[in-house]
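**Q** Fold the following.
(one chain, ligands or ions: 1)
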Amino acid sequence: MDDAALEQVIQGVIKNPDYKMIDPGLIKVIAATELAKGRSNREAIKQTRAKLHQVGKAYQEKGIPVSLLTKQLQQLPRDPFHPDCRQFSLEAMRHHRSTAERLPIVENLYHDVFSRIPTIHRVLDLACGLNPLSIPWMNLPALQQYWAIDIYSDMVGFLQSYFDHMRIPGTATVGNLVDAIPEQHADLVLLLKTIPCLEQVEKNIARQLLDKITAPFILVSYPSKSLGGRAKGMPEFYTSQFHRLCEGNGWIIRQWSYPNELVFLIEK
Ligand SMILES: C[S@@+](CC[C@H](N)C(=O)[O-])C[C@H]1O[C@@H](n2cnc3c(N)ncnc32)[C@H](O)[C@@H]1O
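**A** Numbering: from 1, shown residues only. All right, here's what the predicted structure looks like:
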């Protein structure tokens, strides 16, 4: 691989501010893959941006208004369960398409899941988007640590401000799951609507993730419609893909189906 060409492609990609906040490691992996296909620098820049759009930008086309949200956050009581803070969370989650489409079911989903598992102390929310703002709907009375990881540095910075302001023991960090699978020892790992995204970059990532995660509980979900709103047999497709991934492991699986989202709880 020609290092100079790779650097030129990376710089070309981040010239557009839409891609500046994304984890540089992910940009590098995608750019290198595109160059390895024999593409010109110009074409590699275009294809890298297209892939980054698919896995990230498509969920926040207008970007997350972090300055505005942070200002609003500072005016709120330091209690995530306060009605004003819940309202803030619900409004803020509209800025990321994945949490926006979960809003009608957020309460039921987390009620259903948390009523099936023992007390959770440590949560690892992988490719979290704005999902940590749903903490008030999770039953976490003895939370010791909530780790949140995503590729967008501005969004992650805002999540850290949310944790700090609400005095939630949380750490939000930028990370690329394709590069390294986090090793934090959590009781519950959230992998919500993330597998299809990661598979756009690394085909075998789902099996690696599910095998390497040491947590006793993993909550996995899939969208049941595309971002454009079409179902196209997605629930059937993802259900059989998920069962294939778990085959032969002896894990206990529970399943819920909500409008827009198919949810599986793995107990290892
Ligand atoms: C479909 S959204 C799901 C967000 C969140 N889990 C939820 O359900 O609300 C996919 C998320 O994955 C993030 N993402 C994409 N590729 C990633 C990667 N390689 N490593 C970590 N996060 C990634 C995106 O920024 C986006 O927030």
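**Q** residues from this protein in reach of the ligand?
**A** Within the chain, the positions near the ligand by Cβ under 6 Å from any ligand atom are 26, 55-56, 59, 98-99, 127-129, 131, 150-152, 175-178, 192-194, 197-198. (Each C-beta comes from the backbone N, C-alpha and C, glycine too.)
**Q** Among the residues you listed, which ones are in helices?
**A** When DSSP state H defines the helices, the subset of the residues of the chain next to the ligand inside them is 26, 55, 98, 99, 197, 198.
**Q** which one is the fourth one nearest to, not counting chain neighbours?
**A** Nearest-residue entry for residue 99: residue 93, 3.8 Å, with adjacent residues in sequence omitted and distances by Cβ to Cβ, 6 or more residues apart in numbering.
**Q** Chain neighbours aside, what residue packs nearest to the closest residue to the ligand within the stretch 151-268 of the chain?
**A** Proximity of the stretch 151-268 of the chain to the ligand (Cβ to the nearest ligand atom) peaks at residue 192, 3.3 Å away. Nearest-residue entry for residue 192: residue 221, 4.6 Å, with adjacent residues in sequence omitted and distances by Cβ to Cβ, 6+ apart.
**Q** from what I can see that neighbour touches residue 260, true?
**A** No - between residue 221 and residue 260 there is no contact under Cβ atoms under 8 Å: 9.7 Å.
**Q** Tell me where the model's unsure across the stretch 101-250 of the chain.
**A** Per-residue confidence for the stretch 101-250 of the chain (pLDDT under 70) gives no ranges below the cut-off.
**Q** As a check, name the ranges of all helices in it.
**A** With DSSP state H, counting those that start in this stretch applied, the stretch 101-250 of the chain shows helices at 106-114, 153-166, 195-198, 205-212, 234-246, listed in chain order.
**Q** so residue 11 is in which element?
**A** Element membership of residue 11 [criterion: DSSP states H and E] is helix 3-14.
**Q** what's the domain layout of the protein?
**A** Split into domains by automatic domain parsing, the chain comes to 3-55, 66-267.
**Q** got these as TSV, with mean neighbour count columns?
**A** Output for those, formatted as TSV (neighbours: other Cβ atoms under 10 Å):
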stretch	mean neighbour count
domain 3-55	18
domain 66-267	17
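**Q** that older thread, tell me the gap between the helix holding residue 11 and the middle of its chain.
**A** Between the centre of helix 3-14 and the centre of its chain there are 26 Å (Cα atoms, centre = their mean, to the nearest Å).
**Q** And for stretch 23-40?
**A** The chain centre lies 21 Å from the centre of stretch 23-40; the measure is Cα atoms, centre = their mean.
**Q** swap in stretch 55-65?
**A** Averaged C-alpha coordinates place stretch 55-65 at 12 Å from its chain's average position (Cα atoms, centre = their mean).
**Q** quick one: buried residues of it?
**A** In terms of neighbour count (16 or more other Cβ atoms under 10 Å), stretch 55-65 has its buried residues at 55, 56, 57, 59, 60, 64.
**Q** Can you give me every residue that contacts the nearest residue to the fourth one once chain neighbours are set aside?
**A** With sequence-adjacent residues excluded and distances taken as Cβ to Cβ, 6+ apart, residue 59 is closest to residue 97, at 4.5 Å. Shown here is residue 97, whose contacts under the criterion Cβ atoms under 8 Å, 6 or more residues apart in numbering are 58, 59, 60, 227.
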